[in-house]
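*Asks:* My questions concern the predicted model and sequence given below.
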Amino acid sequence: MVKPRVLIMAGYGLNCESETKFAFETAGAKADIIHINDLIAGLAKLKNYQIMAFPGGFSYGDDTGSGNAYANRLRNHLWLKLTSFVKNDKLVIGICNGFQILVNLGLLPALNKRYGKREVALVHNDSARYTVRWVDLKVINQSPWLMNMTTLSLPIAHGEGRFYADNQVMQKLNEKKLIALKYVKGEIYKAQQLPSNPNGALQDIAGITDESGRIFGLMPHPERAIFFTHLPHWTLLKETYLREGKNLPTNGPGLQIFQNAVNYFQK
Amino acid sequence: MAIRIEIASKQSDSRATVRKKKLQALGFDSKIQEVTLVDVYTIDKKLSKKELSQVAEILTNPVTQHYSFIHFLSPRKFTYAIEIGYLPGVTDNVATTAKEMIEDLLKRKFIGHEQVYTSQITFIDGKIRGEEVKKITDTLYNPLIQRAKILSSSQFQKNKGMGVEVPRVKIDLSKKVDEVNLEVSDEELAVIGKAGIKSSDGTRRGPLALDLTFMKAIRDYFKKKKRHPTDMELESIAQTWSEHCKHTIFADPIDEIKQGLFKIYIQAATEKIRKKKGKKDICVSVFQDNSGAIVFDEQYLVTDKVETHNSPSALDPFGGSITGIVGVNRDAIGFGLGAKPIVNRYGFCFADPLDTKPLYKGANLTQKMLSPRRIMNGVIDGVNSGGNCSGIPTPQGFVVFNDGYKGKPLVFVGTLGLIPKKISGHKTYEKKARPGDYVVMIGGRVGQDGIHGATFSSESMDSGSPATAVQIGDPITQKKLSDALVKEARDLDLYNSVTDNGAGGLSCSVAEMAKESGGCFVKLDDVPLKYPGLSPWQIWVSESQERMTLAVPKKKWKKFAELMERRGVEATIIGQFNDSGDCVVKYQGKKIMDVDMKFLHDGLPKRPMITTYAPPHYPEPQFSPPKNLTKILLDMLSRQNIASFEFISQQYDHEVQGGAVLKPLQGKGRVNADASIMRPVLNSQKGVVISQALHPWYSAIDTYHMAACSIDAAIRQSVAAGADIEKLALLDNFCWCSSTEAERLGQLKRAAKACYDYALVYETPFISGKDSMFNDFKGYDHTGKPVKISVPPTLLISTIGVIDDSAQVVSLDLKFPGDLLYVLGETNDELGASEYYQQMSDGKNQYVGNSVPQVNAQKNIKRYKAFHKAVEKGLVVSAISVNRGGLAAALAKTAMAGQLGIEVSLKKALGKFSRDDYGLFSESQGRMVVSINPKNKFVFEKVMQGTIFTQIGKVRADGQFVIKSKNGRVIVKTNVKRMLKEYKKTFRDY
């Protein structure tokens, strides 16, 4: 089967491109890391790809608001190519800083397909501090990215992840079923007793999609949860499985998201 | 005229809420009703109204914010407005981004003095008075790098806002190069060395840190050249010869050791070990490059380096620690042809954050130092920003508290790197600038920041310490540079050599690389500057951050320059390497430096040192065993040196790069771990294990054993996590004090001797190290009395090792009720300078004692190797090394982490301890607490046979934590929930 091709954005302080590439390739895709300036210069062509990924990182050091400056550079130089990409039957994912870039670009949630309008924001955590930990998530909508998934646990690492939108937009997000992931109490909560919502996000929102479900943004990092040994309690699970005579798993819960993307083009 | 764009939040701003809470906690409580923040961009560039709207729009998030550039923004009700911005010339990263965004939007560059500046207004509504608002302001800014303006609400209204301020750099230094007459009296020569060259206005330019011996050598050199040195030459030699760069205390003869401590004790140990290990030698590059390197696998090397950034962190804790971490990243990037930074580590030594008695640098209560709490917060924030923004995981670290760190904190920062052994056929860990190669500077520009950093840190801190030594890091500029080098240019083979611009700036990096080719020529006019007006010598020695120097062959320059341009990295040819044997610098057509390489690097005279050593003797502590040992243990868990620092681990990203295996917080109870493991190459099962240890407390008794304990603990912590001692290497960081005093040097010699002795027995080679020899503060206490505060002699030992199977490693949490608990190693009456003695001290008695823990490495290594076999066989369910606070603290941590109870008896513990409390809290080295599945009892004991180990109890399901005395009496009875509460309360609100 032909491997779907993934373009992973890089440059200006994005920093999760390598592990995102690894996750996509583990799932069966062929991924290229492309510096934004090479895309602008036309050294790489967006139209050659099926999947576009905005990885996590600290583009422009979060200066002027996380994701804002990078979104601006995209808007100034690549807007038409981007909109033409998302209007086709392609997939886009924004992880953490990538999610922040997508909302600042107005590619998410793009209510009524008005791509470009900023309608939601990811603002400073209620602790006003960068926070790294694992969270439990419930899958809410039917995005192709989240097929066959109900709950999962992933790590977060961000300073500005508190989801915010005004009442009107919140209502629309619910009506149109654009909320993709919510923070809930699950396995990690049980194990570590941390608050389920790590940042004060409105309605516990951890991720959303556009109306097509093909553009997906989330604060947690699925690419940091593709091995069993990524789990924060894997040494305990390992010992448990061994004593129960079970085999040890090799994959972590995040891999499915990348596999879903690959499956979307291979079905 | 400059225009202000003000941006305010439309919805609740958590930054303001948190700031309000912090201010209330300062003692203002209900006096502060509301805090509101307004972000300000001051744009010093002519823009049309339309352009201004466009600019304001891209700087504002329309969902949550609104802006104005016509009216000032303020909350409806407030008492005071405090605006804080940077001083001229201080790195303002947000402004740099805003400027880039505006240029990208308008397709027009900022030219000349045009610039963006950021500031922030804190509006406070409450019942506060003028004096109080000053006090509040003091907590919000650091006058060394920032400016503050306070307006009352009525002044604000009258003034129509805060007013426009443009902190433009206005310097107009003499660009003339001065000759310095060294044919003067010895007294004057000494003054020049200490206080610096005299400027025409009579002021001194700041420390050269050259003593009379060095000054005389320089005088004699120029006498032979029949001319006076230029200021530039003198400054340049001062940088190269600084303690910071040449480590003369470790290099010069000391007593009978003519070749110096480094050669005889550190380097010699490594050489002997490498020879002995033969084919099993793991070292590839030791001591010669910016980092040390060991073998990772067939394809890769891992590099490691640990640095300190103490003096700058005392003055500007945030700037000091961020430049520290971002700076040590460059030791990876600057290793060989460039290693990719893969892991950061940190270690902080602070004074008690609850100590509020101020210190002053100046007499009459002037030049107030920052409080321990401010220093602690700032240092922690700096590493947060530097590490997180750079996309490098920062899993491993520690915090240590001692009054000796009140004058200067110790800020340890380290970075591991990953580099393929070979690229297009040649070894990447060797590099050589060739004659004819361009001298190329890439990354940030040069400003006045960080002038005299190298010489300043080579002196103790007093009222003369220069403020320009403070810098703020810019991790994104460096990230661009790092990615462009180690992910692209290196693999395209576009340069022959690279090194970091750290201490001493260009003067050190260019001169260092010129050793490879045999000489250099630099045209100083071509160095890109942040702003005009710098003196030539300043350009040469400035330590402005985020810069590397490269040797680029002429024919590769075009390709290199194009790549850098596409990556947004500034690259400039500033000269050429040659084999002339001289380091020559020209400025405005004139030769302003011409010193031969040999003199520059080897011309410094040796200064033999004499040491003294008199073992101290303290009264043996006399107190009867406390009745309630449960309470003592609970109190122990909340002591600053034992308590959880989860708040740090949780703000340092340890998952980025996707390789985390053993993380900093372990178990259900999230207990801080002593070792971390990660996979730097995602398609390989191999892992890298790192750990660190230090025992500055023991220096009060004997630095020899202090060093031995640090080495043993650092190794043991790695072994407990699953490391193979045969694949471990060490790094040393000596942070000493008053290193001109014979007694301190005597302590140093003993510590260095221990490094030699113990590294040899453990066969763990040193691969890299760094020292910082003058961690003293001379100033005044809160009453104005002169004080000198010196750090306790501190040796940080860091370990790095390779793990073959990263799924076969051990976390510290107990996992199953019924599992068997073992103690490996002996518990003896070794409580000298222990946490327990400190805890039992009171106003009248300070207990130190003399029984400092001693390490028996011969016995330990056998046990560590046996234990590793048990790990490989999958027999070890949990393991924790016994550290500060002794067996009781280790048992508590492993139980809290697993949220499971234990039942153990001291009766079974091996070793000689005379009292139950000593058994609980002795800090005897070499010990671990291990749990295993009862099913594996026989196999485990067989593997461990012939080593000192014993089963002391079992894991309980009910969370009860029970320890019985030697005669079977219950002496500690509590539960994990209660313990966790104590363990986590100390820094809960930090």
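*Replies:* Cool, got the structure.

*Asks:* can you give me phi and psi for the residue nearest to A:Leu105 when sequence neighbours are not counted?
*Replies:* Nearest residue to A:Leu105, sequence neighbours excluded (Cβ to Cβ, 6 or more residues apart in numbering or on different chains): A:Ala71, at 4.4 Å. For the C-beta atoms, the positions are set from N, CA and C on the backbone; glycine is no exception. When quoted as degrees, to the nearest 10, the phi and psi of A:Ala71 stand at phi -60, psi -40.

*Asks:* Spell out whether whatever helix or strand B:Glu565 lives in and chain A are in contact.
*Replies:* Assigned by DSSP states H and E, B:Glu565 falls within helix B:557-566. Yes: against chain A, helix B:557-566 shows contacts by Cβ under 8 Å from any Cβ of the partner chain at B:Arg566.

*Asks:* how far is that helix from where the chain is centred?
*Replies:* Distance of helix B:557-566 from the chain centroid (Cα atoms, centre = their mean, to the nearest Å) equals 33 Å.

*Asks:* Equivalent analysis for stretch B:353-370, please.
*Replies:* For stretch B:353-370, the distance to the chain centre is 23 Å (Cα atoms, centre = their mean).

*Asks:* Could you list which residues are in contact with the closest residue to B:Phe921 other than its chain neighbours?
*Replies:* Ranked by Cβ to Cβ, 6+ apart and with sequence neighbours excluded, the top spatial neighbour of B:Phe921 is B:Tyr836, at 3.5 Å. Applying Cβ atoms under 8 Å, 6 or more residues apart in numbering or on different chains to B:Tyr836 gives the contacts B:632, B:636, B:885-886, B:917, B:920-923.

*Asks:* From B:Phe623, how far off is B:Tyr836?
*Replies:* Distance, B:Tyr836 to B:Phe623, by Cβ to Cβ, to the nearest Å: 11 Å.

*Asks:* go on, A:Ala69?
*Replies:* 62 Å.

*Asks:* Between helix B:557-566 and the helix or strand that B:Leu550 is a member of, find me the angle.
*Replies:* Element membership for B:Leu550 (DSSP H and E) is strand B:547-552. With axes from the mean of the first three to the mean of the last three Cα atoms, to 10 degrees defining the directions, strand B:547-552 sits at 150 degrees from helix B:557-566.

*Asks:* Kindly export strand B:547-552 (C-alpha atoms) in PDB.
*Replies:* The C-alpha coordinates for strand B:547-552 follow below in PDB (Å, rounded to 0.1, in the frame of the first residue of the first chain):
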ATOM      1  CA  ARG B 547      26.800  32.900  19.300                       C
ATOM      2  CA  MET B 548      29.100  30.300  17.900                       C
ATOM      3  CA  THR B 549      32.400  30.800  16.000                       C
ATOM      4  CA  LEU B 550      33.100  28.500  13.000                       C
ATOM      5  CA  ALA B 551      35.900  27.800  10.600                       C
ATOM      6  CA  VAL B 552      34.300  27.800   7.100                       C
END
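
*Asks:* Which pLDDT value goes with the residue nearest to A:Leu105?
*Replies:* pLDDT, A:Ala71: 98.

*Asks:* was I right about it contacting A:Phe99?
*Replies:* No: checked against Cβ atoms under 8 Å, the pair A:Ala71 and A:Phe99 is beyond contact range at 11.1 Å.

*Asks:* follow-up on the earlier one: for the strand holding B:Leu550, give the mean pLDDT please.
*Replies:* Rounded mean pLDDT across strand B:547-552 is 96.

*Asks:* What strands flank that strand, and is each parallel or antiparallel?
*Replies:* With DSSP bridges as the test, strand B:547-552 is paired with strand B:438-443 (antiparallel), strand B:497-500 (antiparallel).

*Asks:* Smallest gap between chain B and chain A, at which residue?
*Replies:* Per Cβ to the nearest Cβ, B:Gly391 is where chain B lies closest to chain A, at 2.5 Å.

*Asks:* For that residue, which non-adjacent residue is spatially closest?
*Replies:* Counting by Cβ to Cβ, 6+ apart, the nearest residue to B:Gly391 once its immediate chain neighbours are dropped is A:Asn15, at 2.5 Å.

*Asks:* What separation do you get for that neighbour and B:Val164?
*Replies:* 36 Å.

*Asks:* And for A:His35?
*Replies:* 38 Å.

*Asks:* Looking at the backbone only, give me phi and psi for the spatially most central residue of chain A.
*Replies:* Most central in chain A under Cα atoms, centre = their mean is A:Ile95, positioned 2.9 Å from the mean C-alpha point. Dihedral pair for A:Ile95: phi -110, psi 120, per degrees, to the nearest 10.

*Asks:* Local confidence estimate at it?
*Replies:* Listed pLDDT for A:Ile95 reads 98.

*Asks:* OK, contacts around the nearest residue to it once chain neighbours are set aside?
*Replies:* Excluding the flanking residues, the one nearest A:Ile95 by Cβ to Cβ, 6+ apart is A:Gly56, at 4.9 Å. Residues in contact with A:Gly56 (Cβ under 8 Å, 6+ apart) are A:14-16, A:20, A:95-98, A:157, A:221, A:223, B:656.

*Asks:* please redo it, this time with the cut-off set to 6 Å
*Replies:* A:16, A:95-97, A:221 (Cβ atoms under 6 Å, 6 or more residues apart in numbering or on different chains).

*Asks:* element containing residue 235?
*Replies:* Let's take chain A. helix A:234-243.

*Asks:* that's the wrong chain, I wanted chain B
*Replies:* helix B:231-240.

*Asks:* downstream neighbour of that helix in the secondary structure list?
*Replies:* helix B:243-246.

*Asks:* Give me the distance from that next one to the chain's centre.
*Replies:* On Cα atoms, centre = their mean, the centre of helix B:243-246 falls 17 Å from that of its chain.

*Asks:* now the helices: where do they sit in the stretch 801-950 of chain B?
*Replies:* B:835-840, B:857-872, B:886-898, B:916-921, B:937-944 (DSSP state H, counting those that start in this stretch).

*Asks:* name the helices or strands packed onto the fourth one?
*Replies:* To tie it back to what came earlier, the one meant is helix B:916-921. Using 3 or more Cβ pairs under 6 Å, 6 or more residues apart in numbering or on different chains; DSSP states H and E, the elements in contact with helix B:916-921 are helix B:886-898.

*Asks:* And B:Lys557, how close does it get to A:Pro144?
*Replies:* Quick fix: residue B:557 reads Trp, not Lys. Applying Cβ to Cβ, the value for B:Trp557 to A:Pro144 is 48 Å.

*Asks:* let me fix that: A:Thr83
*Replies:* 19 Å.

*Asks:* who has more neighbours, the two?
*Replies:* Neighbour tally, A:Thr83 and A:Pro144, criterion other Cβ atoms under 10 Å in any protein chain shown: the higher count belongs to A:Pro144, 18 against 14.

*Asks:* which residue packs closest to that one, ignoring adjacent ones?
*Replies:* Per Cβ to Cβ, 6+ apart, closest to A:Pro144 is A:Tyr264, 4.7 Å.

*Asks:* B:Gly378 too?
*Replies:* Computed as Cβ to Cβ, 6+ apart, the closest residue to B:Gly378 that is not its neighbour in sequence is B:Pro317, at 2.7 Å.

*Asks:* can you count the residues close to B:Val191?
*Replies:* Neighbours around B:Val191, by other Cβ under 10 Å: 15.

*Asks:* now the closest residue to chain B within chain A: how far from A:Asn97?
*Replies:* Across chain A, the shortest distance to chain B (Cβ to the nearest Cβ) belongs to A:Asn15, at 2.5 Å. Using Cβ to Cβ, one obtains 8 Å as the distance from A:Asn15 to A:Asn97.
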